[in-house]
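[1] After the sequence you'll find the predicted model.
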Amino acid sequence: MAPEHKAQKLPTIHQLFGYTIGFSHLLDEIAIGVAVIGLDRKIVAMNQMLKLLTGFSQKESFGVPCRHILRSSLCVQNCPAFQINGKSGPKCIETDLISKDRQLIPIRITFALLKTNSGKIVGYLETVEDLRPLKKRESGSFEGYSFEHIVGKSPEMGKIFQILPSLAQSESSVLITGETGTGKDMVAETIHHTSDRAKGPFVKVNCGALPETLLESELFGHCKGAFTGAIENKAGRFQLAHNGTLYLTEIGDLPFSLQVKLLTFLDDKVIVPLGTTKEIVSDVRIIAATHRNLDQMVAEKRFRKDLMFRLNVIRLHLPPLRERQGDVRLLLDYFLNKISAQLGRKTPELSKRALKILLAYSYPGNVRELRNFIEYTVNICTDDKITPRHLPAYLTDPSQAAVVEVAPPATAGIAAESEKQRLARTGPDQPWPEIEKQMIIEALVKTGGRKSRAADFLGWSRSTLWRKMKQFGIRG
């Protein structure tokens, strides 16, 4: 049951929070409906968005029970105030409300406790999200060549487009497999943003980017004094992803000891931060991704078989670009238009020779490599038409392929090379790691050694760029 409120007089904002200056203005800046509610479940304050949604003013709603303002079936049958306590965490429920002008509006309510610094419960915070735009999108027409920001018209992508809506509505764990650059991150985000968790956080963790000790703290959090340097409590990514989705990329790189802790969470939905034995419940959906062969890793006892079963409830395999017949041309046009618009420039046309070269290439780096080609080309092309001279040199003249010696220049702390060397890349018949190395060098030169921008240019996180630079011996 909800805590009893013994005071006869409705609490003021000052009594609840200790200050009033700017509070109403702060609430009005929030883009979803917000209400502050006393322990007796009467409204103390509400923001402009909730006033617009319900049709009731602050004057009409102040001191009135919340159920008389939202007028939702949830208020009568399943009020969240009776379901939460100091240990359960916030409660998120989809329902509807009846506005003052008698409109039935689909909403998502999140109900949380308001506490003082000492932990005393003083009221509730209620957020109300209008789901009408999401409902319209779900019932809208389906475009055969795209789903959200994923583009493709090949039969392989058509199958993926058909299954994505069902995946989004499921709460089961998803394992996304596929080569590097096939779009696993984008698919994971799409599943989240088209699911019932869309208003919750989407938290991404690269399991191969941090050493084991740091990764454990990053995932599960830690308490003050748990280890040297732990000067304060830190919430882990599982807690930060509460009511949302936790995306574990490069799951094949997850250390064996942490595989056990992840398995425990998948079974019990609880985590235990470092330095404590206290269990914390977290409502999180897990999406994992890898370019590795997990079945082989299980056979080699490098990945837990039971964890593989728990993650592999739904498996989605993304085909490499070379197997997506007809998609290369579609993607070329898509990225040409998109990148040109981002740069505020007119979209250049691909000449017949340039198009022929791009269509004939095998794209070992898949969609990410194709996008990098187009971004490179649009940046250096000052004409209305892209010709072969605007393409990376190794696409048009494999004889220019060379191994670039990387050394710090006298005037900058980044890897440097001559213009001819910068354009001379590994030929298309060479392994992908050699091509990837040259892409990193080009990105660093292009961005003046600024690694954050170079990582954005390559479509990676900063930690991934650092790791690959170390792998290839590129000094920065």
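    That came through fine. What you are looking at is a predicted structure, and each value in this text was computed from that prediction instead of being measured.
[2] quick check: mean pLDDT across stretch 372-387?
    For stretch 372-387, mean pLDDT is 87.
[3] in that stretch, what counts as buried?
    N372, F373, I374, E375, Y376, T377, V378, C381, I386, T387 (16 or more other Cβ atoms under 10 Å). C-betas here are computed from N, CA, C, even on glycine.
[4] which residues sit in contact with L219?
    Each residue near L219 by Cβ atoms under 8 Å, 6 or more residues apart in numbering is listed here: V205, G236, R237, F238, L258, K261, L262.
[5] Check the residues you listed for burial and list the buried ones.
    Judged by 16+ other Cβ under 10 Å, buried ones among the contacts of L219: V205, G236, R237, F238, K261, L262.
[6] got the contact list for the last one?
    Under the criterion of Cβ under 8 Å, 6+ apart, the contact partners of L262 comprise L219, L248, L254, I286, L307.
[7] What of the fourth one?
    Taking Cβ under 8 Å, 6+ apart as the contact definition, F238 lies against L219, F220, G221, L246, F265, I271, I280, S282, V284.
[8] returning to what we had before: return the subset of the contacts of L262 lying in helices.
    Of the contacts of L262, the ones assigned to helices by DSSP state H are L219, L307.
[9] Return the member of the contacts of L262 nearest to G275.
    Comparing the contacts of L262 against G275 with Cβ to Cβ places L219 closest, at 14.2 Å.
[10] Which pLDDT value goes with that closest one?
    91.
[11] Kindly report the same for C92.
    So, for C92, pLDDT stands at 83.
[12] surely it meets T110?
    Yes: applying Cβ atoms under 8 Å as the test, C92 and T110 come out as touching, 4.7 Å apart.
[13] between the two, what contacts are shared?
    N243.
[14] And Y334, how close does it get to G449?
    Separation of Y334 from G449 (Cβ to Cβ, to the nearest Å): 30 Å.
[15] for T127, same thing?
    Taking Cβ to Cβ, one finds T127 at 43 Å from G449.
[16] ditto for M439
    Taken as Cβ to Cβ, the span from M439 to G449 is 15 Å.
[17] Show me which of these two is the more surrounded one.
    M439 (24 against 17; other Cβ atoms under 10 Å).
[18] What values do phi and psi take at the more buried one?
    With angles defined as degrees, to the nearest 10, M439 sits at phi -60, psi -40.
[19] Correct me if wrong: it contacts F373.
    No: using Cβ under 8 Å, M439 is not in contact with F373, being 9.7 Å away.
[20] Can you pull up the most central residue in this protein?
    F202 (4.4 Å; Cα atoms, centre = their mean).
[21] Contact partners for it?
    With Cβ under 8 Å, 6+ apart, F202 has these contacts: E189, H192, H193, A241, G244, T245, Y247.
[22] Need the max-distance pair from those.
    H193 and A241 (14.2 Å).
[23] circling back to that earlier point, let's see the pLDDT reported for the residue nearest to the centre of the chain.
    92.
[24] Chain neighbours aside, what residue packs nearest to it?
    Distances taken as Cβ to Cβ, 6 or more residues apart in numbering place H192 nearest to F202, at 4.6 Å, with adjacent residues excluded.
[25] One more: K199?
    E129 (5.3 Å).
[26] ok, that neighbour touching M49?
    No: E129 is beyond contact range of M49, at 9.5 Å (criterion: Cβ under 8 Å).
[27] any residues in contact with both of those two?
    In contact with both E129 and M49: I32, G33, using Cβ under 8 Å, 6+ apart.
[28] all strands in the stretch 351-476 of the chain, in order from the N-terminus.
    For the stretch 351-476 of the chain, the strands defined by DSSP state E, counting those that start in this stretch cover 385-386.
[29] Help me confirm that G208 is found in a helix?
    No: counting by DSSP: H, G, I helix; E, B strand; the rest coil, G208 is located in no helix; its state is coil.
[30] residues in contact with it?
    With Cβ under 8 Å, 6+ apart, G208 has these contacts: E250, G252, D253, R467.
[31] Need the max-distance pair from the residues you listed.
    Checking the contacts of G208 with Cβ to Cβ, the most distant pair is G252 and R467, at 14.4 Å.
[32] neighbour-wise, which of the two wins?
    Per other Cβ under 10 Å, whichever of G252 and R467 has more neighbours is G252, with 19 against 16.
[33] Is it correct that the more buried one is in contact with T290?
    Yes: using Cβ under 8 Å, G252 is in contact with T290, at 4.1 Å.
[34] What sits closest to R285 if chain neighbours are left out?
    R285's closest residue in space is T245 (Cβ to Cβ, 6+ apart), at 4.8 Å.
[35] Could you look up the SS state of the one you found?
    T245 ends up strand, using three-state DSSP.
[36] returning to what we had before: which among the buried residues of stretch 372-387 gets closest to L350?
    I386 (5.1 Å).
[37] That closest one touches Y376, doesn't it?
    No: look at I386 against Y376 with Cβ under 8 Å: they stay out of range, at 10.8 Å.
[38] circling back to that earlier point, H193 and A241 - which one has more neighbours?
    A241 (24 against 17).
[39] Report the spatially nearest residue to the more buried one, omitting neighbours in sequence.
    V203 (4.0 Å).
[40] contacting residues around that neighbour?
    Here V203 is in contact with R237, L240, A241, G244, T245, L246, Y247 (criterion: Cβ under 8 Å, 6+ apart).
[41] neighbours of the second one, just the number please.
    What that stands for is L240. So L240, with other Cβ under 10 Å, has 15 neighbours.
[42] How many residues are close by L274?
    By the measure other Cβ under 10 Å, the count of residues near L274 is 17.
[43] tell me, which strand in this structure spans the most residues?
    strand 104-115 (DSSP state E).
[44] For that strand, buried residues please.
    I105, I107, R108, I109, T110, F111, L113, L114.
[45] contacting residues around the fifth one?
    Think T110. P90, K91, C92, E126, T127, E129, N243.
[46] got it, and the fourth one?
    Taking Cβ under 8 Å, 6+ apart as the definition of contact, the neighbours of I109 are L70, S72, L74, P80, C92, I93, E94, T95, E126, T127, V128, E129.
[47] at 10 Å what do you get?
    33, 35, 66, 70, 72, 74-75, 80, 91-97, 126-129 (Cβ atoms under 10 Å, 6 or more residues apart in numbering).
[48] hmm, back to that, which other helices and strands contact the helix or strand where the residue nearest to F202 lies?
    Taking DSSP states H and E as the definition, H192 sits inside helix 184-193. Applying 3 or more Cβ pairs under 10 Å, 6 or more residues apart in numbering; DSSP states H and E, we find helix 184-193 packed against strand 150-151, helix 155-169, strand 174-177, strand 202-206, strand 244-249, strand 284-290, strand 314-317.
[49] Make CSV out of those and add distance to T54.
    Listed next are the helices and strands packed on helix 184-193 as CSV, based on distance: least, Cβ to Cβ, whole Å:
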stretch, distance to T54
strand 150-151, 37
helix 155-169, 28
strand 174-177, 36
strand 202-206, 29
strand 244-249, 26
strand 284-290, 30
strand 314-317, 38
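[50] of those, which approaches G275 most closely?
    strand 202-206 (19.9 Å).
[51] partners of that closest one in the sheet?
    strand 244-249 (parallel) (DSSP bridges).
[52] got the angle between the next helix or strand after the strand it pairs with and strand 284-290?
    Following strand 244-249 in sequence order, the next helix or strand is helix 256-268 (DSSP H and E). Here helix 256-268 points in a direction 140 degrees away from that of strand 284-290 (axes from the mean of the first three to the mean of the last three Cα atoms, to 10 degrees).
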